[in-house]
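> sequence unavailable; structure follows:
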Ligand code: HEM
């Protein structure tokens, strides 16, 4: 990435979209993309280290091979897990010191709290909150039916700082905090859910998480070329612009390949995904809001929060998939800013389908190719997602991580989800 970013910096003409991408990489990415997350806790400020230790200790108690179908048994299991978690946090975390560090980051003291550690800590707290929220994997009905969960102060206080810093309003984690940042600078997968379970479960879990990391990794040249296509188009350099759009078309094959090659039964076992992987990333609880007098519920993670797809849609001039409310909840502010800038400078509508200019004709053609590839992804995703969501999981009610509890009946739930997919496909033109 550094090399590519240097290329951008060397551009004589500054452009808003260039500075926004640079800011995203510099701040949220800690100078790189995918964002750098320093998970080597021996290098962390001491006060933060106990969080990781506690997660690693408790995560062993989280999964079970066969969930109980007895609500009473599950209620006890959940209560015990949470009690233990709360107790360890209380005993081992010095919250005052943790807050001092977070204040230092707020004051831009990145020498005290380096950005790559900040990113890893975001993932650590997000993963800890999800572990506390569900307290047992597979996720079970009694937990799904909870409306509010009182999280320990050691998990709520840091979250406020972190969410303010990243510009997200949700109580749940998001695609960035729990998945992309869950890989260290060597690409190792860190906060696991199913430690101690059989290989099929652990390897499926890691493969699933890694798709999101890989999409961002392989997406780097795409961001770069989208920005350069915009800059060169603005300067009237159509031949250069055509090259950048063509690069995107070619690179998309690799990006989408990371999805196609992994999201199938041989890599992510259908028999384990719904019960052992998906539930952890859901949220489905809320808290009472004094101002409105209502309980505001938050949903969890979804692939729909992945930056690359939102950025491509913006570049193509297709409206954003997520509502403004869901973007603000789950997509970090600097990622939203990039998508807004890509949409603002989207030039596809300015091109003529019947242009005599061979470069312009080439750009039109390549835009068509990008749309075609996205449509192939969306059509395939519609079918594959359905298969994973249709698996038998008697311990739980129909739910997706991103939409929380669905209809009691699985067919109605699938129908409801299919409407999002079909609508999106029809918008992808
Ligand atoms: C078994 C795994 C998965 C299932 C069951 C699943 C399911 C779904 C469902 C039901 C939707 C539509 C409803 C909604 O937006 O919440 C959706 C949307 C989406 N998913 Fe997934 N998903 C999975 C994995 C992935 C992966 C690995 C990616 C990308 C790397 C991804 C990317 C997206 C995107 C970008 C959308 C928004 C719609 C679009 O842009 O086409 N999903 N997913």
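Perfect, I can see it now. Since we're looking at a predicted model, the values are computed, not measured.

> ok, then the element right after the longest helix along the chain?
The longest helix of the chain (DSSP state H) is helix 199-234. Per DSSP states H and E, the first helix or strand lying C-terminal to helix 199-234 is helix 238-260.

> contacts for that following helix next, please.
Defining contact as CB atoms under 8 Å, 6 or more residues apart in numbering, one finds that helix 238-260 is touched by 211, 214-215, 218-219, 221-222, 225-226, 228-229, 232-233, 308, 357, 359-360, 362-363, 366-367, 369-370, 373-374, 376-377, 380-381. In short, each C-beta sits where N, CA and C put it, glycine included.

> show me which of those residues neighbour the ligand.
When contact is defined as CB under 6 Å from any ligand atom, the contacts of helix 238-260 meet the ligand at 211, 215, 381.

> residues touching residue 327, list them.
So residue 327 contacts 320, 336 (CB under 8 Å, 6+ apart).

> distance-wise, check it relative to residue 333.
Distance from residue 327 to residue 333, counting by CB to CB, to the nearest Å: 9 Å.

> these two touch, right, residue 389 and residue 400?
Yes. The pair residue 389 / residue 400 is scored as a contact, 6.9 Å apart, by CB atoms under 8 Å.

> what's the end-to-end length of stretch 232-241?
5 Å (CA to CA, to the nearest Å).

> I'd like the mean pLDDT over that stretch, please.
Stretch 232-241 shows an average pLDDT of 96 in the prediction.

> and if you look at stretch 36-51?
Here the average pLDDT along stretch 36-51 is 98.

> what of stretch 309-318?
For stretch 309-318, the per-residue pLDDT averages 98.

> what are the buried residues along it?
Under the neighbour-count criterion of 16 or more other CB atoms under 10 Å, stretch 309-318 has 309-316, 318 buried.

> list the contacts for residue 40?
Contacts of residue 40 (CB under 8 Å, 6+ apart): residue 184.

> now it: phi and psi?
Dihedral pair for residue 40: phi -80, psi 90, per degrees, to the nearest 10.

> can you give me the end-to-end distance of stretch 104-120?
End-to-end for stretch 104-120, by CA to CA: 16 Å.

> which residues touch it?
Counting by CB under 8 Å, 6+ apart, 27-28, 30-31, 35-39, 43-45, 48, 101-102, 161-162, 164-165, 181, 184-185, 190 sit against stretch 104-120.

> burial count for residue 148?
By the criterion of other CB atoms under 10 Å, residue 148 has 11 neighbours.

> same question for residue 183.
25.

> ok, now residue 353?
By other CB under 10 Å, the burial measure for residue 353, its neighbour count, is 9.

> give me the phi and psi for residue 63.
Torsion angles, degrees, to the nearest 10, at residue 63: phi -90, psi 160.

> next one: residue 404
Per degrees, to the nearest 10, the backbone of residue 404 is at phi 60, psi -150.

> and the protein, which residues reach the ligand?
Counting by CB under 6 Å from any ligand atom, the residues of the chain near the ligand are 211-212, 215, 259, 263, 273, 302-304, 306, 309, 321, 378, 381, 385, 388-389, 400, 402-403, 417, 420-421, 424.

> residue 197 touches residue 63, doesn't it?
Yes. Using CB under 8 Å, residue 197 is in contact with residue 63, at 5.2 Å.

> can I get the ones next to the ligand among the contacts of helix 238-260 in CSV with pLDDT?
Shown next, in CSV, are these (pLDDT from 0 to 100):
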residue, pLDDT
211, 98
215, 98
381, 98
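
> quick one: the helices in the stretch 251-400 of the chain?
270-272, 307-316, 324-330, 333-344, 358-389 (DSSP state H, counting those that start in this stretch).

> list the buried residues in the third one.
Which is helix 324-330. 326-327, 329-330.

> sec struct for the spatially closest residue to residue 191 that is not a sequence neighbour, please.
Spatial nearest neighbour of residue 191, chain neighbours left out: residue 127 (3.8 Å); criterion: CB to CB, 6 or more residues apart in numbering. Secondary structure, DSSP: H, G, I helix; E, B strand; the rest coil: residue 127 is helix.

> ok now do residue 127, which residues does it touch?
Contacts of residue 127 (CB under 8 Å, 6+ apart): 55, 173, 178, 182, 191.

> so residue 67 sits against residue 143, correct?
No. Residue 67 sits out of contact with residue 143 when judged by CB under 8 Å, with a separation of 10.8 Å.

> which residues do the two both contact?
74, 136.

> nearest spatial neighbour of the spatially most central residue of the chain, skipping sequence neighbours?
Nearest to the geometric centre of the chain sits residue 175, at 1.2 Å (CA atoms, centre = their mean). Leaving aside its sequence neighbours, residue 175 sits nearest to residue 305 (CB to CB, 6+ apart; 3.8 Å).

> show me what contacts that neighbour?
Applying CB under 8 Å, 6+ apart, the residues near residue 305 are 174-176, 322, 330-331, 402.

> just to revisit the earlier point, Throw the contacts of residue 127 into JSON lines and include distance to residue 409 and secondary structure, thanks.
Listed next are the contacts of residue 127 as JSON lines, based on distance: CB to CB, whole Å; DSSP: H, G, I helix; E, B strand; the rest coil:
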{"residue": "55", "distance to residue 409": "36", "secondary structure": "helix"}
{"residue": "173", "distance to residue 409": "29", "secondary structure": "coil"}
{"residue": "178", "distance to residue 409": "29", "secondary structure": "helix"}
{"residue": "182", "distance to residue 409": "33", "secondary structure": "helix"}
{"residue": "191", "distance to residue 409": "34", "secondary structure": "coil"}
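
> of the residues you listed - the most surrounded one?
residue 173 (30 neighbours).

> what's the burial count for the residue in the stretch 151-300 of the chain positioned nearest to the ligand?
Minimum separation of the stretch 151-300 of the chain from the ligand (CB to the nearest ligand atom) falls at residue 211, amounting to 4.3 Å. Using other CB under 10 Å, residue 211 has 19 other residues around it.
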